[in-house]
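> A predicted structure for the sequence below; I have some questions about it.
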Amino acid sequence: MAKLATELVEQFKAEAGGTGAVVYEAEGAEDARNCVLALAQGHNVRRVVKSRSVVAEETGLREHLESAGIEVRETDLAEWIAQLAREASATHETIQQVAELLSRATGEELKPDPQVLLKAARRTLRQACVDADLGISEASIGIAETGTSVILDDEGNARLVAVLPRLHLTLVDCEKVVPSLDDATARLRALGKNSTGPKMPSYVTYITGRNTTGDIPQALMARAQGPEEEHILLVR
């Protein structure tokens with residue numbers, strides 16, 4: 001990693017830590033897996049919800065947590081359906097097959113109607129986020145000057161993963177750390193120009209440190225509208 005990039009990561013660590021986040025670093029896939037497992041076990045985590053993450057997929061994070069007895073629920077709709085299909089040793093190539101999978105998962109008898117299935121999936125995934133001990137997201141961008149993680153999503157589930165569980169962990173690829181908000185904005189615009197869909201993702205979530213409120217006199221309180229603790233894992 002070039003010196004400038006290293007300095008950006010160090011600045012990001014310092015700023016994120018100063019805002020109340022707990023920051024870790026991992027060298028490679030095995031180190032990343034073990035770091036997340038240690039975090040989960042140290043906080044007695046039993047249920048995890050996870051948004052779409054290239055880092056998690058490349059490191060085999062979900063499988064590693066599951067092998068330790070921790071339940072992991074995918075919240076991206078396509079990935080959740082694929083997860084249900086693997087668990088049931090079934091296929092999900094037709095809407096009838098998807099209806100069967102979601103009916104088993106929700107405990108409801110669902111008609112093979114797209115809107116019916118979508119509404120049922122949303123209800124179930126939202127409740128899973130409420131019940132989860134830990135939410136795991138991936139930042140598409142890290143902003144060094146503020147220690148901010150920028151999470152992109154088109155369904156809205158990534159935002160629920162970030163704010164509803166009692167603990168939240170953001171995975172950050174060190175190569176995606178940029179100097180400033182202006183640089184992050186430029187990268188977002190570039191992502192839009194290079195995609196065939198909408199110019200910008202439907203949901204852009206900025207997270208800077210632990211959620212607190214000072215609105216109650218003489219009381220700075222955590223988990224005003226979000227997790228009790230914000231954790232960040234920088235992966236090299």
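Nice, I can see it.
> CA only for contacts and neighbour counts going forward, please
Noted.
> Packing partners of the helix or strand hosting Ala190?
In this assignment (DSSP states H and E), Ala190 forms part of helix 181-194. With contacts taken as 3 or more Cα pairs under 8 Å, 6 or more residues apart in numbering; DSSP states H and E, helix 181-194 sits against strand 141-143.
> quick check, distance from the strand it packs on to the centre of its chain.
14 Å (Cα atoms, centre = their mean, to the nearest Å).
> What pairs with the helix or strand following it, parallel or antiparallel?
Sequence order places strand 148-153 as the next helix or strand after strand 141-143, per DSSP H and E. Partner strands for strand 148-153, per DSSP bridges, with pairing direction: strand 141-143 (antiparallel), strand 203-207 (antiparallel).
> Worst mean pLDDT among the ones you listed?
Lowest mean pLDDT within these: strand 203-207, at a mean of 93.
> Gly135 and Val72, how far apart?
Note on Gly135: its distance to Val72, by Cα to Cα, to the nearest Å, is 10 Å.
> In terms of neighbours, single out the busier of these two.
Gly135 (29 against 21; other Cα atoms under 10 Å).
> Next, the contact list for that one, please.
48-50, 129, 161-162, 164-165, 167-169 (Cα atoms under 8 Å, 6 or more residues apart in numbering).
> Try it again at 7 Å.
Counting by Cα atoms under 7 Å, 6 or more residues apart in numbering, Gly135 touches 48-50, 161-162, 165, 167-169.
> Neighbouring strands of the stretch of helix or strand it belongs to in the sheet, and parallel or not?
Following DSSP H and E, one finds Gly135 within strand 134-139. Within its sheet, strand 134-139 is paired with strand 47-50 (parallel), strand 167-173 (parallel), according to DSSP bridges.
> distance between the last one and the chain's centre?
Read that as strand 167-173. With Cα atoms, centre = their mean as the basis, strand 167-173 stands 6 Å off its chain's centre.
> Run through the neighbouring helices and strands of the next helix or strand along the chain from that strand.
Reading on from strand 167-173 to the C-terminus, the next helix or strand found by DSSP H and E is strand 177-178. Identification of packing neighbours for strand 177-178 by 3 or more Cα pairs under 7 Å, 6 or more residues apart in numbering; DSSP states H and E yields helix 3-18, strand 141-143.
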